[in-house]
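Asks: sequence first, predicted model second:
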Amino acid sequence: MKELVELMKSRGIKRFVHFHTDHWEPFSSCGGEWGDAASECADMVLRFIEETTNHPFFDKMTLFYSHPIRTSIHEVMDEDTKDMLYFEPIDDKFWERYEFAVRKVATDTNHEFQVHIHHEGVTTGKYFKWAHLPWKEGFEASTTNSERFERYLKVSLQELHRIVGLDLNRWHFLHGVWALNASDTDVCNVNDEIEILIRNGCIGDFSMPAGRAWVNSTTLAPHTVIPNNIPKGYDTEKADIKLIGENISKESKRFLIWNQEIPFSHCSIDIWGNETIMEALENYMDTIALWIKTSPIIGDTAFIKTHAHTMNPLFWKNDAERPYDFPDVIRLFSTLKSVCEQADVNYEKWTVSEVISYLEEYDGALIEAFDRHLIPIYSRLITNDGLIPIADYRLKSMGETESGLYGYYAIRLKQSDFFDLDDARIIDFIWESYSKDAKILEIAAGCGQVSFALEKCGFENIEFCEFDKRRVMFSEAIKKGISSDCTIHSCDYRKLNLQQYKLIFVINAAGSHLGVQDYELLAETVLSGTDVILRFDKYGKDNKIFEKLDAHDRINHTNIDFENTGVRGIIRYSATNGR
Amino acid sequence: MGGEIILNARVIEEKFLGKKVLILTDREFFAPLTGRNDVNADVINYIIRILTGNGIAVEVEEVIDCKTETFHRSGENTFDFALYISERSIDGFWGGLDLCLFTKISESYCLTELPKELKNSNSSALNTKDIIDFLTQIGILGNNQNDITNHAIEHLIKELEYSMASKNNLRSDMLIRVLLCNEHLDIAQLLGCLDWHPNPEKIVSRVFQILSEQIELPEIVNLFGDNNTLEEFDLSNVKIAVLASEIENINSFFKKAKSLKELSRSLFLECKSYFSGKVMLNLGVEKKKFGSVLDAWIINNNWIEDVEILEQWTKISPNDEESWQVYSRVLWNKGMKLKCSEVAKKGLEYHPKSANLLRRRAHGLRIKEKHAEAVEIEKILLQSDKLSKVDTVIYLVRSLVALKEWGQVLKYTELGLELKPELEEFHKNKLQAQENIQ
């Protein structure tokens, strides 16, 4: 013990942080006539809550949760996705029991939820389950691997956000069967996986050191990389591998890979089926010595990352022991804590988010490198989350008219979704087509849901204009409630200097005092270099303005409603030669 | 069948005057074999026994289902009291249950937690006096309601019939567990509820599992004929059927049977309930899963000449019209026409609109020369399109001729001739009628 204390002192650290990354897979199955499976899963989770809430060493785990998603097949290849497979949330009978229990972990404990995805069943590789489907020539299962993985990921993330409140632009990943970015092609053949993860809001991966050692990065410390879309691309020169604290270029978004010198056998507490793990736990003094000697030190803090598959049914059979309660595990951590106390080093338990915040604090450049913009689908979810309680409160306390909701938003509130299809399409289009610093104005914006969602996507200069005073009050309440920086104009938009914007758009200004009389103003605005987007049938009482703008020989018009080609939908007007 | 019982059960439910208590507990009550900790099971069983013994209707829900407000087992039923029995604290673990139960507990709303000292007992050391004192103190027990004790059990049995008929299997599961806690329960009556399930094959394994956890099942020496044995699933079903029909000396049937078919026959003839009869009938059908073929198929393919079996079928499956149809047809074919008519008469009590039974009844009446009654039946059949109209008119006219109702004979022979002008019998009867009218 004395030696361990001296060893600890010799490392010159203030704190020794333990963070546990659990491959949390509590689901076996639900449904069935009797609900036994759902109850069994739910009960297991409830017992997990009871057993860990006040646990001395495992009350603050990071649960990399593998949430089940239903995979279904199209009868013939779907033309939009070019795929035979599609994914949906599960809604089986009795599912609510399981979902309640999982949500309770998020709300009632100090554990943190992150993302664990097993996609080996739905993307090609040794474990692919759908090779027998009639894949169309030229569209074999493997050609859509990346897109399919991303669709699977999106459904998973939305479910995780709904159930456990996952932060969609700041989450962390643990790859199923360890095979990050096609590092084990038996399992994963998604060469651009890291790029997809970053695009969807992921900061880093915590699979290493892995149970299948060949996937491990050769850099045995936490480090960041840029995407390199080849198998195991993160472990190549092109990935621009940088240790924490090393200089990084400001241009690229970077991806964290947590690796450590401490081998798999000495950081796993999966107390079943692996002799070396059991030996490491048994020889706990040696293991602690190894941890102290080789744990990565960042600033004044040393880290030990452990992992287990806590919800493995093997650990939940009658009389079975859970990893976190296994006497050898408890002995190891009790000893480590004593060593820390005697060495005057703080022993602390952190979640992965706390680790990341610390890294950003230590190396400020990581803040920008880890900054993720929400993609539109998530920005709408987050905006809804913010809007719904505000709208609900206003409606209940002020009524439909005074609240500014009127009938339209009252109905949308009932549907728990403030966005209609046009809103979604225009957000997608703007997100794809304009730079994030473009100055954008929305006209007749209602409560401003589209503008708020654009801001959540990373657009920095969003303004919107609304003439109705009650609607503006509603918008202001939202702005305050969700801490938005959008500029709100409470006036007739025609009084604004429209030529200062890169884009102005109108989704719904039907039946208002607007119309063809605005032709001169809008044409002039477009010719000045400002793009104008109008929704056909929804600008004024008729469509005369569209006829006039279409006929202008120096103005281009494009239908951007790509899902409804052939009919007039959302039209973008731009100057023939730009500004 | 289901519809009638649903109505009956509802009427009973509305008339139930005793108190109703909802017990909220953990999963262990419903899964004692797989659960972590069934130390409370004996306490819960005892409380249910005490309450039902005092005329109080008890139902049980899992606490998690209260939190999700999806009451899989008690549906929309409301209760006078909710009694919480769990190691987990209502507020500490669940964050309170009052809001979830707001609509569940009617009028004198009361959610009470069983005190800690009354939990964690094992059956040998149950603190029965304290439990009764507690239940009295909180007002669940109190007024002596022994006079309506059976009413509570009857109420729960009716609820079980209703849940069976409406295929609400999870509710049936709960009600069976609750009823089994009552020491005076008539097991045959309980299992009689299986008769109401449209697909008993869907529930039978579960019922067997519950029974095997709660009561002693019949010991069967599974050996018959030339060293033959029943498969485990069939044996389980036979055990339930034996209890449902209160068959005594079950092993003697196995001992005597020379074949599976003989075993099936002898046991079927002993059955008193539809479900147990179905089980025994299915025994004789090899390579077919229980419930995968209709009873009528089994009878038609195995027992069509066996009058004893057919008669038994009508006794235990009177609601199955096919049982009367097949039995009466076979009797007719065998020339036992009066017996056929008597069977048809009984069958008509259950299926008053059955065209074939009406016809067979009418045949018997004609043989007995009760033509006036036969005429009434044939007139009913004439309104239906289920049998040949020509045949009906022929039989009708024959009886009318026997009754010498010549005006009626003329009327119906003219109708007969419209339907089949070439039929000599109609011409002859018409002529006879015209002569008699003149």
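Replies: Sure, I can see it.
Asks: quick one: distance of stretch B:321-335 to the chain centre.
Replies: How far stretch B:321-335 lies from its chain's middle: 24 Å, per Cα atoms, centre = their mean, to the nearest Å.
Asks: now that stretch: average pLDDT?
Replies: The average pLDDT within stretch B:321-335 is 94.
Asks: before we move on, what about stretch B:346-354?
Replies: 95.
Asks: and for stretch B:404-419?
Replies: Stretch B:404-419 shows a mean pLDDT of 94.
Asks: now do stretch A:310-323
Replies: The model assigns stretch A:310-323 a mean pLDDT of 90.
Asks: mind listing residues that contact it?
Replies: With Cβ atoms under 8 Å, 6 or more residues apart in numbering or on different chains as the test, stretch A:310-323 has contacts from A:22-26, A:28, A:44-45, A:47-48, A:51, A:61, A:269-272, A:308-309, A:324, A:329, B:34, B:36. All C-beta spots, glycine's among them, are computed from the backbone N, C-alpha and C.
Asks: what is the burial count for residue B:403?
Replies: Using other Cβ atoms under 10 Å in any protein chain shown, residue B:403 has 15 neighbouring residues.
Asks: now for the closest residue in space to it that isn't next to it in sequence, how many residues are close by?
Replies: In space, and not counting its chain neighbours, residue B:403 is closest to residue B:371: 4.9 Å by Cβ to Cβ, 6 or more residues apart in numbering or on different chains. Using other Cβ under 10 Å, residue B:371 has 21 other residues around it.
Asks: residue B:371 against residue B:396, yeah?
Replies: No: between residue B:371 and residue B:396 there is no contact under Cβ atoms under 8 Å: 9.9 Å.
Asks: just the closest residue of the stretch 301-450 of chain A to chain B, please.
Replies: residue A:318 (7.4 Å; Cβ to the nearest Cβ).
Asks: picking up where we left off before, show me what contacts the residue nearest to residue B:403?
Replies: B:365, B:399, B:400, B:402, B:403 are the contacts of residue B:371 under Cβ under 8 Å, 6+ apart.
Asks: could you do residue B:244 as well?
Replies: Residues in contact with residue B:244 (Cβ under 8 Å, 6+ apart) are B:187, B:188, B:191, B:192, B:194, B:271, B:272, B:273, B:275, B:276.
Asks: can we see that at 7 Å?
Replies: In this structure, residue B:244 makes contact with B:188, B:191, B:192, B:194, B:273, B:275, B:276, judged by Cβ atoms under 7 Å, 6 or more residues apart in numbering or on different chains.
Asks: tell me which element the residue in chain A that chain B sits nearest to is part of?
Replies: For chain A and chain B, the shortest gap (Cβ to the nearest Cβ) falls at residue A:96, measuring 4.4 Å. For residue A:96, the enclosing helix or strand under DSSP states H and E is helix A:95-108.
Asks: what angle separates the helix or strand just after that helix from helix A:95-108?
Replies: Downstream of helix A:95-108, the first helix or strand assigned by DSSP H and E is strand A:112-117. Relative orientation of strand A:112-117 versus helix A:95-108 (axes from the mean of the first three to the mean of the last three Cα atoms, to 10 degrees): 130 degrees.
Asks: pLDDT at residue B:105, what is it?
Replies: With respect to pLDDT, residue B:105 has a value of 84.
Asks: also residue B:95?
Replies: pLDDT, residue B:95: 90.
Asks: distance of it from residue A:97?
Replies: The gap separating residue B:95 from residue A:97 is 16 Å, by Cβ to Cβ, to the nearest Å.
Asks: which residues of the stretch 201-350 of chain B lie near chain A?
Replies: B:202, B:206 (Cβ under 7 Å from any Cβ of the partner chain).
Asks: give me the contact list for whichever strand or helix holds residue A:46.
Replies: Here residue A:46, judged by DSSP H and E, is contained in helix A:36-52. For helix A:36-52, contacts defined as Cβ under 7 Å, 6+ apart pick out A:26-30, A:58-59, A:94-95, A:97-98, A:100-102, A:104-105, A:108-109, A:311, A:316, A:322, A:324-325, B:27, B:31, B:36, B:62, B:64.
Asks: and the residue sitting nearest the centre point of chain B, backbone torsions?
Replies: Nearest to the mean C-alpha position of chain B, by Cα atoms, centre = their mean, lies residue B:195 at 2.2 Å. Phi and psi for residue B:195, reported as degrees, to the nearest 10, are phi -60, psi -20.
Asks: list the contacts for it?
Replies: Residues in contact with residue B:195 (Cβ under 7 Å, 6+ apart) are B:273, B:274, B:275.
Asks: check the gap between it and chain A for me.
Replies: Separation of residue B:195 from chain A (Cβ to the nearest Cβ, to the nearest Å) stands at 20 Å.
Asks: quick check, pLDDT for that residue.
Replies: 92.
Asks: with residue A:424 instead?
Replies: At residue A:424, pLDDT is 94.
Asks: for it, grab the count of nearby residues.
Replies: 16.
Asks: what helix or strand is it on?
Replies: helix A:421-433.
Asks: and that helix, what's buried?
Replies: For helix A:421-433, burial by neighbour count (16 or more other Cβ atoms under 10 Å in any protein chain shown) applies to A:422, A:423, A:424, A:425, A:426, A:427, A:428, A:429, A:430, A:431.
Asks: so the lengthiest helix in chain A versus helix A:421-433, what angle?
Replies: Counting by DSSP state H, the longest helix found in chain A is helix A:376-402. Counting by the same axes, to 10 degrees, helix A:376-402 lies at 140 degrees to helix A:421-433.
Asks: if you count contacts, what does whichever helix or strand comes after helix A:376-402 end up packed against?
Replies: Going down the chain from helix A:376-402, the next helix or strand is helix A:406-414, by DSSP H and E. Here helix A:406-414 touches helix A:376-402, going by 3 or more Cβ pairs under 7 Å, 6 or more residues apart in numbering or on different chains; DSSP states H and E.
Asks: repeat that with 10 Å
Replies: Secondary-structure packing of helix A:406-414 (3 or more Cβ pairs under 10 Å, 6 or more residues apart in numbering or on different chains; DSSP states H and E): helix A:376-402, helix A:469-481.
Asks: so which of those helices gets nearest residue B:302?
Replies: Of all the helices and strands packed on helix A:406-414, it is helix A:376-402 that lies closest to residue B:302, at 61.9 Å by Cβ to Cβ.
Asks: elements contacting that closest one?
Replies: helix A:145-164, helix A:406-414, helix A:421-433, helix A:449-456, helix A:469-481.
Asks: quick check: mean pLDDT of the longest one?
Replies: In this model, helix A:145-164 has an average pLDDT of 97.
Asks: from the chain's centre, how far out does it sit?
Replies: 8 Å.
Asks: just the angle between the longest helix of chain A and helix A:406-414, please?
Replies: Going by the same axes, to 10 degrees, helix A:376-402 makes 130 degrees with helix A:406-414.
Asks: distance from helix A:376-402 to the middle of the chain?
Replies: The chain centroid and the centroid of helix A:376-402 are separated by 22 Å, computed with Cα atoms, centre = their mean.
Asks: buried stuff in it?
Replies: Buried residues in helix A:376-402 (16+ other Cβ under 10 Å): A:376-384, A:386-387, A:390-391, A:394-395.
Asks: per-residue confidence at the nearest residue to residue B:410 once chain neighbours are set aside?
Replies: Closest residue to residue B:410 apart from its sequence neighbours, by Cβ to Cβ, 6+ apart: residue B:433 at 4.1 Å. On pLDDT, residue B:433 comes in at 93.
Asks: give me the element residue B:433 is part of.
Replies: Going by DSSP H and E, residue B:433 is in helix B:424-437.
Asks: near chain B, which residues of chain A are found?
Replies: Within chain A, the residues that sit near chain B (Cβ under 10 Å from any Cβ of the partner chain) are A:33-36, A:38-40, A:42-47, A:49-50, A:53, A:93-101, A:104, A:107-108, A:316-319.
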